[in-house]
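K.L.:
only geometry, no sequence info:
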C-alpha cells in the first residue's frame, strides 16, 4: 500500500543541485530524481550501487579537490573558475568492476538525508570501508575541466 503524501519539498542539496523530496503524512520523506521521473525510469538497483559507491568515496574526492593545483590534467589548461571535475584516470567503472569481482555487493541501500543520494546502510559498513580502502589505494585522481572530462572515453 502506498503511503499518503503530505507535500513535496523543492530545494538544493549540499552540492547546490536541485532536488525534490516527498514528505509523507507519517513524517517520513524520500527524495526523487526529477530527470528519472521525466525519463519514466524506475529506480534501478545497479544505479543505487554505483551511487552508493560514489557517495562512499565523496570525502576522498573532496580532499583531493581541496589540495589540487587548478590545472586541467587532460588538456593542461588553467582552470579559472570553480567549475572543476575530479576525474578518475583509471575509469570509475573499471575500478568498481575489479572491486566487485572480489566483494559481494549489498542489495539494499539507504538515502542520505544531507545529499539526498543513495548510500550504504550501517550494516554494510565493512563492505563500504573495504571499498574506500580499495579506492584510496587504486584510484588515480586528477582535476579537469568539465568538458575535458565528459568528452573522454569511459572504459
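P.N.:
Looks like it came in fine. It should be emphasised that the depicted structure is a prediction, and the values quoted were computed from it without experimental measurement.
K.L.:
what about residue 12, how many neighbours?
P.N.:
Close neighbours of residue 12, defined as other C-beta atoms under 10 Å, add up to 10. Heads up, the C-betas are built off the backbone N, CA and C, glycines and all.
K.L.:
who's it bridged to?
P.N.:
Beta-bridge partners of residue 12, counted by DSSP bridges, are residue 18.
K.L.:
tell me which residues in the longest helix seen in the chain are buried?
P.N.:
Under DSSP state H, the helix in the chain containing the largest number of residues is helix 125-138. Neighbour counts over helix 125-138 (16 or more other C-beta atoms under 10 Å) mark 127, 128, 131, 134, 135 as buried.
K.L.:
And the contacts of it?
P.N.:
52-53, 56-57, 60, 90, 95, 98-99, 103-106, 120 (C-beta atoms under 8 Å, 6 or more residues apart in numbering).
K.L.:
From the contact counts, what lies against the helix or strand following it?
P.N.:
Under the assignment DSSP states H and E, the closest C-terminal helix or strand after helix 125-138 is strand 141-144. Applying 3 or more C-beta pairs under 8 Å, 6 or more residues apart in numbering; DSSP states H and E, we find strand 141-144 packed against helix 58-67, strand 85-88.
K.L.:
Having no further points to raise, I will conclude here.
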